[in-house]
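[1] What would the 3D arrangement of this be:
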Amino acid sequence: MVGPGPEEPPIEAARPVVKSTRWRLSFVWIVPIVSALVALSLFVRHIDSVGPTIEVSFQSADGLESGKTEVKYRDVPIGSVSNITVSDDLSHVVVSIGLQRWANKFARENTRFWVVRPRIGAGGISGIGTLLSGAYIEADPGKSDEGPMDKQQTAFTGLEVPPAITSESHGSQFNLHSGDLGSIDLGSPVYYRRLRVGKVVSYDLDKNGKGVSIGVFVDSPYDRLVTRSTRFWNASGINVSLGADGLKMSAQSLASVAAGGLAFITPSWATEDTLPAPAGTNYELLKDEDVALQKPSGEPVYVWMQFSRSLRGLSVNAPVEFIGVDIGRVVSVTVDYDPVAQRLPIVVGAVIYPERIGNVFQYQHDDPDAEAHRLGVLMTKLVAHGLRAQARNGNLLTGQLYIAIDLLPNASKVSFDGSKLPLQIPTAPGALDDVQEKLSRIVAKIDKIPFDSLGSRLDSDLGDLDTTMHRLNDGILPESQRTLEEARTAISDASGALSADSPLRTDVKDTLEELRNSARSIRTLTDFLSRHPEALIRGQPQDAAPRTPTNGPDAHARPSQP
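    Numbers count the residues shown, from 1 in each chain. Down below sits the predicted model:
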């Protein structure tokens with residue numbers, strides 16, 4: 001048995017040794033951490049910069065692209081198109097726009113959106129820059145009387161045409177009324193003394209369908225020139241007039257000729273309501289500048305005239321002139337029946353303005369028919385002095401007629417009742433009627449000429465003349481020709497006989513010489529007998545010496561005196 005040995009020391013339990021270590025960041029983690037921080041910063045920045053998302057409806061998405069098309073205000077980006085979808089009813093497209101946070105003021109009910117692309121209109125060419133940069137959406141915050149507390153809105157209907165007036169436009173809008181639109185279009189210019197001061201911003205048909213309402217915007221400060229007495233007129237195209245001064249042509253500008261335009265002015269005779277008119281004032285759009293500058297014509301009076309002749313060329317709106325002054329217009333031309341005379345006269349109705357005649361109509365009356373009664377009194381006096389209405393030719397080229405009321409001193413007397421309304425102005429044949437009547441008389445006289453008998457007689461005379469001409473050609477002309485030949489031969493013989501070396505001329509010369517000598521001898525004998533008359537009884541004296549010849553060899557000398 002083994003006894004215990006020496007005691008061994010007790011074995012102590014093992015104790016873990018803890019070593020102190022420090023955490024060290026590896027270089028590999030620096031890049032991911034920095035990237036995460038940048039991403040977080042961008043995310044926070046994006047969250048901070050993202051504004052509201054709105055939806056704008058357009059008829060089409062022409063030129064728009066998701067993620068590319070920008071939304072701008074005064075060429076400053078305020079957002080971009082994030083998505084484009086088609087509406088549920090397939091009638092339009094819906095463009096989702098993400099606005100920037102600072103542009104949340106555009107998400108209000110007065111904001112307008114439209115697509116900017118190249119356009120050609122009455123106001124000129126716009127959007128040329130988008131040919132290179134592409135189309136974009138323009139925003140306009142609009143104007144509101146509520147100030148900055150506008151109602152928030154996220155759904156909008158985009159404009160297909162850029163608005164004529166934006167929030168940056170300053171001026172006033174006025175309303176014009178016209179019978180038709182003519183050549184006026186959106187953007188057509190508005191002129192003041194040929195200076196462009198505004199444009200047409202809207203037009204619409206009246207509710208009753210009898211006219212057109214036109215909205216014009218006059219820029220500031222020119223809108224202060226528009227008063228209640230201002231006259232607007234259509235300045236489109238070229239105004240051509242042919243008068244006593246010749247042919248006149250005028251136009252506001254080339255733009256108004258091509259795209260139409262309006263003009264306005266306050267006439268110099270307007271002394272009332274010279275203060276600027278408030279926005280929205282209504283005006284009548286007049287025909288042209290001449291009508292706009294005319295003074296007010298006062299209340300019109302209806303009159304009528306009866307003509308017994310055709311009035312071809314007289315139309316509605318033809319002028320009515322009183323001694324050369326335009327006082328009204330023709331309003332109707334109808335045919336009537338006269339059972340007494342069994343004729344169909346032409347009845348012409350006209351509206352005249354008595355105030356255009358003179359100062360006699362300047363004072364006022366409470367009687368609504370005062371104008372007509374005063375005109376009747378005046379007409380009664382003038383008709384007694386030959387006042388008549390005539391249809392005269394106003395244009396020789398077109399044959400257009402007008403009504404002239406003038407004093408005719410040789411007019412026949414007629415009965416006239418100036419108190420009977422409407423007034424019937426007596427008529428007289430016009431100058432054209434006189435010409436036609438004279439032509440009718442001439443034609444009647446010509447018609448009485450017996451052309452048949454004259455023709456038969458003329459035919460008989462022409463037959464006799466033809467027979468005579470045949471006889472003349474067959475008988476007389478040949479005989480005349482032979483006679484002329486004989487006369488020519490006789491003249492030729494006479495010319496030969498009278499030549500310088502012809503025997504006849506020599507014989508005639510000798511004969512004449514002998515006759516001259518005989519005449520000289522007779523003269524000598526006569527002289528001798530006149531001195532010696534007794535020689536007839538006694539004979540010649542024996543001592544009479546012969547006379548010395550004075551001419552020629554056979555001449556005898558005169559005897560000497562005894």
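
[2] low-scoring stretches of the stretch 151-300 of the chain, by residue?
    237-260, 272-273 (pLDDT under 70).

[3] Helices of the stretch 401-550 of the chain, start to end?
    Taking DSSP state H, counting those that start in this stretch as the test, the helices found in the stretch 401-550 of the chain are 431-448, 451-471, 477-497, 503-531, 535-538.

[4] Please tell me I have it right and Ala135 contacts Gly129.
    No: between Ala135 and Gly129 there is no contact under C-beta atoms under 8 Å: 10.3 Å. From N, CA and C alone the C-beta is placed, and that goes for glycine too.

[5] who's more crowded, these two?
    Each of Ala135 and Gly129 has its neighbours counted (other C-beta atoms under 10 Å); Ala135 has more, 19 against 12.

[6] tell me the contacts of that one?
    Residues counted as contacts of Ala135 (C-beta atoms under 8 Å, 6 or more residues apart in numbering) are Asp62, Gly63, Leu64, Thr69, Val115, Val116, Arg117, Gly127.

[7] which of the residues you listed has the most neighbours?
    Within the contacts of Ala135, neighbour counts (other C-beta under 10 Å) peak at Val115, which reaches 26 neighbours.

[8] Could you give the average pLDDT over whichever strand or helix holds that one?
    Secondary structure assigned from DSSP states H and E places Val115 in strand 112-116. Mean per-residue pLDDT for strand 112-116: 92.

[9] who touches that strand?
    Contacts of strand 112-116 (C-beta under 8 Å, 6+ apart): 56, 58, 62-64, 71, 126-127, 130, 135-140, 142, 156, 158-163.

[10] same check, this time on stretch 372-386
    Under the contact criterion C-beta under 8 Å, 6+ apart, stretch 372-386 has outside partners 301, 352, 354, 357, 360-361, 365, 367, 387, 407-411, 414, 416, 418-423, 425-426.

[11] What of stretch 406-423?
    Stretch 406-423 is touched from outside by 301-304, 322-323, 369, 372-373, 375-380, 382-388, 390, 424, 426, 428, with contacts defined as C-beta under 8 Å, 6+ apart.

[12] Mark which of those residues are part of helices, please.
    With helices defined by DSSP state H, the entries of the contacts of stretch 406-423 inside them are Ala372, His373, Leu375, Gly376, Val377, Leu378, Met379, Thr380, Leu382, Val383, Ala384.

[13] Quick one, which of those residues are buried?
    Among these, those buried by neighbour count (16 or more other C-beta atoms under 10 Å) are Ala372, His373, Leu375, Gly376, Leu378, Met379, Leu382, Val383.

[14] Any chance of TSV for these, columns pLDDT?
    Formatted as TSV, these follow (pLDDT from 0 to 100):
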residue	pLDDT
Ala372	70
His373	74
Leu375	78
Gly376	79
Leu378	81
Met379	83
Leu382	85
Val383	87
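
[15] Can you add distance to Lys199 and give those back as TSV?
    Shown next, in TSV, are those (distance: C-beta to C-beta, whole Å):
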residue	distance to Lys199
Ala372	44
His373	48
Leu375	44
Gly376	49
Leu378	48
Met379	49
Leu382	50
Val383	53
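
[16] Mind putting the ones in helices among the contacts of stretch 406-423 into JSON lines with distance to Pro189?
    Shown next, in JSON lines, are the ones in helices among the contacts of stretch 406-423 (distance: C-beta to C-beta, whole Å):
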{"residue": "Ala372", "distance to Pro189": "43"}
{"residue": "His373", "distance to Pro189": "47"}
{"residue": "Leu375", "distance to Pro189": "43"}
{"residue": "Gly376", "distance to Pro189": "48"}
{"residue": "Val377", "distance to Pro189": "49"}
{"residue": "Leu378", "distance to Pro189": "46"}
{"residue": "Met379", "distance to Pro189": "46"}
{"residue": "Thr380", "distance to Pro189": "52"}
{"residue": "Leu382", "distance to Pro189": "47"}
{"residue": "Val383", "distance to Pro189": "51"}
{"residue": "Ala384", "distance to Pro189": "55"}
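
[17] Mind splitting the protein into its structural domains?
    Structural domains annotated on the chain: 33-157, 171-293, 303-442, 499-562, as defined by automatic domain parsing.

[18] Please report how far Lys105 lies from Asp338.
    Look at Lys105 and Asp338: by C-beta to C-beta, to the nearest Å, they are 79 Å apart.

[19] out of the two, which sits in the busier spot?
    Taking other C-beta under 10 Å, Lys105 and Asp338 do not tie; Lys105 has more neighbours (15 against 11).

[20] In this structure the more buried one contacts Gly142, no?
    No: Lys105 lies out of contact with Gly142 (C-beta under 8 Å); the separation is 10.9 Å.

[21] hang on, the earlier thing: could you dump the helices of the stretch 401-550 of the chain to a markdown table with mean pLDDT?
    Below are the helices of the stretch 401-550 of the chain laid out as a markdown table (pLDDT from 0 to 100):
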| stretch | mean pLDDT |
| --- | --- |
| helix 431-448 | 73 |
| helix 451-471 | 81 |
| helix 477-497 | 79 |
| helix 503-531 | 83 |
| helix 535-538 | 74 |
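
[22] Any chance of these in a markdown table with mean neighbour count and distance to Leu285 as columns?
    A markdown table is the format used below for the helices of the stretch 401-550 of the chain (neighbours: other C-beta atoms under 10 Å; distance: least, C-beta to C-beta, whole Å):
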| stretch | mean neighbour count | distance to Leu285 |
| --- | --- | --- |
| helix 431-448 | 11 | 37 |
| helix 451-471 | 10 | 63 |
| helix 477-497 | 10 | 87 |
| helix 503-531 | 11 | 110 |
| helix 535-538 | 9 | 136 |
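
[23] Can you lay out those helices as a markdown table showing distance to Ile33?
    Shown next, in a markdown table, are those (distance: least, C-beta to C-beta, whole Å):
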| stretch | distance to Ile33 |
| --- | --- |
| helix 431-448 | 108 |
| helix 451-471 | 128 |
| helix 477-497 | 143 |
| helix 503-531 | 162 |
| helix 535-538 | 196 |
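
[24] Out of those, which is closest to Val330?
    In terms of C-beta to C-beta, the element of the helices of the stretch 401-550 of the chain nearest to Val330 is helix 431-448, at 16.8 Å.

[25] okay, the domains of the chain in TSV with distance to Leu477 next?
    Output for the domains of the chain, formatted as TSV (distance: least, C-beta to C-beta, whole Å):
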stretch	distance to Leu477
domain 33-157	87
domain 171-293	65
domain 303-442	45
domain 499-562	33
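
[26] Out of those domains, flag the one nearest Ser460.
    Checking those against Ser460 by C-beta to C-beta gives domain 303-442 as the closest, at 28.6 Å.

[27] what distance separates the start and the end of the closest one?
    When the termini of domain 303-442 are compared using C-alpha to C-alpha, to the nearest Å, they are 36 Å apart.

[28] Distance check, the closest residue to Asn83 other than its chain neighbours against Ser66.
    Excluding the flanking residues, the one nearest Asn83 by C-beta to C-beta, 6 or more residues apart in numbering is Ser96, at 4.1 Å. Distance, Ser96 to Ser66, by C-beta to C-beta: 8 Å.
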